[in-house]
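>>> need the 3D shape of this:
(chains A and B)
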Amino acid sequence: MKRAVFVRFFLSFTAICIFLLTRNSCFASVENWTALSLEELMDVKVSMVSRTPKKIMDTPAAVYVISSEELRRSGATSIAEAIRFVPGMFVAHVDANKWAINARGSNNRFSGDFLVMIDGRTVYSPTFSGVWWDVQDTVLEDIDHIEIVRGPGGTTWGANAVNGVINIVSKSAYATKGGLLSVESGTSDGQILSYRQGGNLNNNGAYRFYVKGFNRPDFHNLPGEEADDKFHQRRVGFRADWELSRNRSMTLSADAYNGGGRERNRLPDLLDPTQAVKTGSSSRVSGSNLLFSLRQKKSSNEETRLQIYFDRVQRDDVLHDVAIDTLDLDFQHNFVPGKNQEMVYGFGFRSVKQVYGDREFLTSSDKNSTVNLTSFFLQDQFTLKPDKLFLTIGSKFYHHPYVGFESQPSARLLWLPEARHAFWTAFSESRRIPSAFDRSSQSTWEAFSPDPVTGLPIVVKFSGSHDCKSEVMKGKELGYRFIPNHKFSLDLAYFEHEYLRQIDVFWGSPVPILLPPAPHIDITATFKNSGRVIFRGLEASLKWSPIDSIKVDAGFTSNLKKEFDTFSYGNSPARQWFLRTFYRFHDNWEFNTSFERVGACFSFSNLAEVPAPVEIAAYSRLDASFCWKPKNNLEIMFGGQNLLEKWHQEFGQTLTELPTEIPRNYYLKATWLFK
Amino acid sequence: MKAETRKIRAVIFLLSLFLLVSRVSISASPLEYEVKAAFLLKFVEYVEWPDSLQNDDLSSYTVGIVGKDPFGTLLPEKIVSSETPSKTFNIIRVNNSEEACNCQILFFSNGESQRILDKVKKMPVLTVGEGDIFLYDGGVISFIMEDNRVRFLVSMKNANQAGLKINSRLLRLARKVLN
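As a prediction, the model looks like this:
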């Protein structure tokens, strides 16, 4: 009750502040600026926000961009937390080192339907289908922007971009010359240290290198549980950019990290399957990558890009003993083939070597395999009516040894009745290729209480199947944007996603195993394509900056399941919304707040002896921070996260891993820039 | 709890209503294109067109925008400057090369219409674009962004080709002058 009153107060206060501050408004005019001399004009510092809305205006998809400025002000300490306040995104912190992230549809720690790329390098894991969010990190100050495209992106991005794509784009080395040192300490976020140094290279190039480390303590335990989820990581990397000639540029970058942590799992005791054992265990993660890209701009509307990268990921914990090596080659060319047409096509080749070791509860029948994916895509934008009506059609075609030849077509229509309004609609088909887990895993992590007839406990063996085909999603989307000027934008998107051939379990017949030491009944559950689900929803985003020193950013998401005839591990809230405000005062002070309300969702019980869906309660979250810039090159930030509650739970059990509660966090951060 | 939720909803509703009806356009820190628009209108003071073109009206200029219009309401159809003698700018959106030939200034937004540029680059039209590539494509002046400030580059070769004389003050302020 108290919280609701606070929320109301918070909203009214924001509304009043905005009203008072905007009463003396006047229209912007170019006249204000022509009165200045050329020299004065050259010295005017402008905000760059115009670029993005303009570009977004012409995009027939649900796009949202987090700028580096928004990222800085958010006080986010990880990439996963940075996308929390994005309309349409479900970000649930499971424990100190795990996140469940998705948009549209069911959320889970292994949401296999969302593709994530860092500077063109995919970080989607083919093991479980999903993203290991704990190891996706960099110096956050060196991120240029994060682009989130919700909805099927398979046509250009390839398989597994069923519900969307996140592109994390880091700054060019030209933009990060000089040093940066950032030190942060939080009561529950622990210590984070980042150092970056950049400068010029011979031959008109630029470089930077960085070192980052963090140490996060245990979160808060759920009632009757133990929080044992601390987490640390160290990371180094570099990036170099060269302008080879006036229209050719080259990038070379690399990262390497290692770290580890603790987690608690709920596992059956195979000697006495009636008893589930909750144990703490250690995990170790490491990885490295090397990326090279070459871009050539032949004219203002023709560009080619070639990219090669190598990526290695290793993970060692109670369920996984995984080593994945990826070699990826990608070529893309966009050009204007004729009047009123813009074309882009690309080729890709990816070789993924997967090595799996056995674990007590999870083994693989393909211990050592190499999978080669070849792909091609073509997309053409036709101008049906200049400046008014555009049609984009295209498809990705690929060959993957698990599924053979497949295509992912899409058609998008953009209508600009006038410059400030945009309507778009899209029909697309995207696919998720079965993961190694879907195909070749053998797991025994579920045991049930005694069968009432025989009195014997039941042990479920989940078994992957080579018969698994790609999951298919047919998406229909409708969107509207209203961007009257750079100070206001409204973005609405409606979607209907029909998920077909969802990988589900097919229950086999019970087999009694009467041999000692533990007589029990075995049931084998085999993965099979069968499920069908429809999700419908609305995503709304509103950004308003009445004056330069105030920004208001609000988002609303609904995500409703129409049919539910499939078994799914995770779920997402039916509704959620957020409101953020950014306020700058006295030139060098900022006050930022973020409020979020997330509806209830279902998940698996981690407390009951028999796993059953339980409700994860709705929660409200308020973050606030003060930021002070005593000098041009020094910034001090003090803030709190989860201010409304001492702690709250955001997600349930994922596979066997137990969640913890997310505690309140007070932090102090200092960022220093130097030569 | 229900009543509270309803109240919150009411506040949000009012807030959004307020957002829609209020005049959301005040200027504290300018937008990139406000400054670019100002530059565009300022350039006429530093460029000399061949005499044949300026016989009838010395103080009236036609500014054409080629391709997607990034200025919107910043550049309305007609602008009369407040100084004396006043200058009149007629702003038109250009779709083809015939319309382009009637302009004294043409602005090409990023990556637009090489076709029109090719048509006008030997005519007395001040072509202004964005990014250094624009000068290699045949443009006279190009905006670049540096440290969130608008800067520009000038191609003397293309200016000569168009028969335009550029004032030395403008050249001095240019970030780079290509010969």
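
>>> only C-alpha atoms from now on, for both contacts and neighbour counts.
Fine.

>>> grab the most central residue of chain B for me.
By CA atoms, centre = their mean, chain B has its centre lying nearest to B:Ala37, at 4.2 Å.

>>> wait, that one sits on B:Phe71?
Yes - using CA atoms under 8 Å, B:Ala37 is in contact with B:Phe71, at 7.2 Å.

>>> what about the residue nearest to the centre of chain B, distance to B:Leu31?
Distance of B:Ala37 to B:Leu31, given as CA to CA, to the nearest Å: 10 Å.

>>> which helix or strand contains the residue nearest to the centre of chain B?
For B:Ala37, the host element (DSSP states H and E) is helix B:32-42.

>>> pull the distance from the helix or strand following that helix to the chain's centre.
Using DSSP H and E, the next helix or strand after helix B:32-42 towards the C-terminus is strand B:47-48. In terms of CA atoms, centre = their mean, to the nearest Å, the centre of strand B:47-48 is found 17 Å from the chain centre.

>>> for the record, mean pLDDT for strand B:47-48?
Average pLDDT, strand B:47-48: 88.

>>> show me what that strand is packed against.
Counting contacts by 3 or more CA pairs under 8 Å, 6 or more residues apart in numbering or on different chains; DSSP states H and E, strand B:47-48 is packed against strand B:165-166.

>>> can you tell me if the strand it packs on touches chain A.
No - interface with chain A: strand B:165-166 contributes nothing (CA under 8 Å from any CA of the partner chain), its closest point being 14.2 Å away.

>>> ok, the nearest residue to B:Val47 once chain neighbours are set aside to B:Met156 distance?
Setting aside the residues directly before and after it, B:Val47 is nearest to B:Ile166 in space (CA to CA, 6 or more residues apart in numbering or on different chains), at 4.7 Å. B:Ile166 sits 8 Å away from B:Met156, taking CA to CA as the criterion.

>>> and what of A:Lys339?
Computed with CA to CA, the distance linking A:Lys339 and B:Met156 is 30 Å.

>>> those two - which one has more neighbours?
B:Met156 (20 against 10; other CA atoms under 10 Å in any protein chain shown).

>>> who's in contact with the more buried one?
By CA atoms under 8 Å, 6 or more residues apart in numbering or on different chains, the residues touching B:Met156 are B:140, B:177-179.

>>> off-centre distance for the strand or helix carrying B:Ser142?
Counting by DSSP H and E, the element that carries B:Ser142 is strand B:141-146. On the basis of CA atoms, centre = their mean, the separation between the geometric centre of strand B:141-146 and that of its chain is 12 Å.

>>> if we look at that strand, which residues are touching it?
Applying CA under 8 Å, 6+ apart, the external contacts of strand B:141-146 come out as B:36, B:126-132, B:134-135, B:150-155.

>>> make it 10 Å
Contacts to strand B:141-146, defined as CA atoms under 10 Å, 6 or more residues apart in numbering or on different chains, come from residues A:45-46, A:48, B:32, B:36, B:39-40, B:43, B:107-108, B:110, B:126-135, B:150-156, B:158-159, B:174-175, B:177.

>>> what do you get for stretch A:297-304?
Among residues not part of stretch A:297-304, those counted as contacts by CA under 10 Å, 6+ apart are A:246-249, A:294-296, A:305, A:331-337, A:342-346, B:110-114, B:130-134, B:136-137.

>>> that stretch: end-to-end distance?
Counting by CA to CA, you get 7 Å between the two ends of stretch A:297-304.

>>> quick check: which helices or strands does the strand or helix carrying A:Ala426 pack against?
Assigned by DSSP H and E, A:Ala426 falls within strand A:421-432. Applying 3 or more CA pairs under 10 Å, 6 or more residues apart in numbering or on different chains; DSSP states H and E, one finds that strand A:421-432 makes contact with helix A:51-57, helix A:154-157, strand A:389-400, strand A:404-418, strand A:471-485, strand A:488-507.

>>> I'd like to know the average pLDDT value across it.
Throughout strand A:421-432, pLDDT has a mean value of 94.

>>> tell me how far it is from the chain's mean position?
Its chain's C-alpha centre lies 20 Å from the corresponding centre of strand A:421-432 when counted by CA atoms, centre = their mean.

>>> in it, what's buried?
For strand A:421-432, the buried set under the neighbour-count rule, 16 or more other CA atoms under 10 Å in any protein chain shown, comprises A:422-432.

>>> again, but for stretch A:629-642
Neighbour count says stretch A:629-642 has A:629, A:634-642 buried, by 16+ other CA under 10 Å.

>>> which parts of chain B are strands?
Per DSSP state E, chain B carries strands over the ranges B:47-48, B:60-66, B:78-80, B:88-94, B:105-108, B:126-130, B:141-146, B:149-155, B:165-166, B:176-178.

>>> output the below-cut-off pLDDT ranges for chain A.
Scanning chain A for pLDDT under 70 picks out A:1-32, A:45-55, A:246, A:270, A:273-274, A:300, A:448-451, A:486, A:563-570, A:604-613.

>>> what about A:Arg359, neighbour count?
So A:Arg359, with other CA under 10 Å, has 15 neighbours.

>>> next: A:Gln341.
For A:Gln341, using other CA under 10 Å, the count is 16.

>>> thinking again about what came up before, could I get the following helix or strand past the strand holding A:Ala426 in PDB with only the CA atoms?
Scanning forward in sequence from strand A:421-432 by DSSP H and E, the next helix or strand is helix A:436-440. What follows is helix A:436-440, C-alpha atoms only, in PDB (Å, rounded to 0.1, in the frame of the first residue of the first chain):
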ATOM      1  CA  ALA A 436      23.100 -29.400 -29.000                       C
ATOM      2  CA  PHE A 437      21.000 -29.900 -25.900                       C
ATOM      3  CA  ASP A 438      17.800 -30.500 -28.000                       C
ATOM      4  CA  ARG A 439      19.600 -33.100 -30.100                       C
ATOM      5  CA  SER A 440      22.000 -35.000 -28.100                       C
END
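
>>> partner strands of the helix or strand following helix A:436-440 and their direction?
Once the chain leaves helix A:436-440, the next helix or strand it forms, by DSSP H and E, is strand A:441-448. According to DSSP bridges, strand A:441-448 forms sheet pairs with strand A:362-364 (antiparallel), strand A:458-463 (antiparallel).

>>> and those strands, which is most packed in?
strand A:458-463 (a mean of 22; mean count of other CA atoms under 10 Å in any protein chain shown).

>>> starting at the chain centroid, how far to stretch A:84-95?
The answer for stretch A:84-95 is 8 Å, by CA atoms, centre = their mean.

>>> could you export that stretch as PDB, CA atoms only?
In PDB, the C-alpha atoms belonging to stretch A:84-95 read as follows (Å, rounded to 0.1, in the frame of the first residue of the first chain):
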ATOM      1  CA  ARG A  84      16.300  -3.600 -18.400                       C
ATOM      2  CA  PHE A  85      14.600  -0.300 -19.200                       C
ATOM      3  CA  VAL A  86      13.800  -1.000 -22.800                       C
ATOM      4  CA  PRO A  87      10.100  -1.300 -23.900                       C
ATOM      5  CA  GLY A  88       9.300  -4.800 -24.800                       C
ATOM      6  CA  MET A  89      12.300  -6.400 -23.100                       C
ATOM      7  CA  PHE A  90      12.000  -8.800 -20.200                       C
ATOM      8  CA  VAL A  91      15.100  -8.700 -18.000                       C
ATOM      9  CA  ALA A  92      15.000 -10.900 -14.900                       C
ATOM     10  CA  HIS A  93      17.900 -11.200 -12.600                       C
ATOM     11  CA  VAL A  94      17.900 -14.800 -11.500                       C
ATOM     12  CA  ASP A  95      20.800 -14.700  -9.100                       C
END
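
>>> near chain B at all, it?
No - using CA under 10 Å from any CA of the partner chain, stretch A:84-95 stays clear of chain B, with a minimum separation of 16.2 Å.

>>> and for stretch A:593-606?
No - judged by CA under 10 Å from any CA, stretch A:593-606 stays clear of chain B, getting no closer than 11.6 Å.
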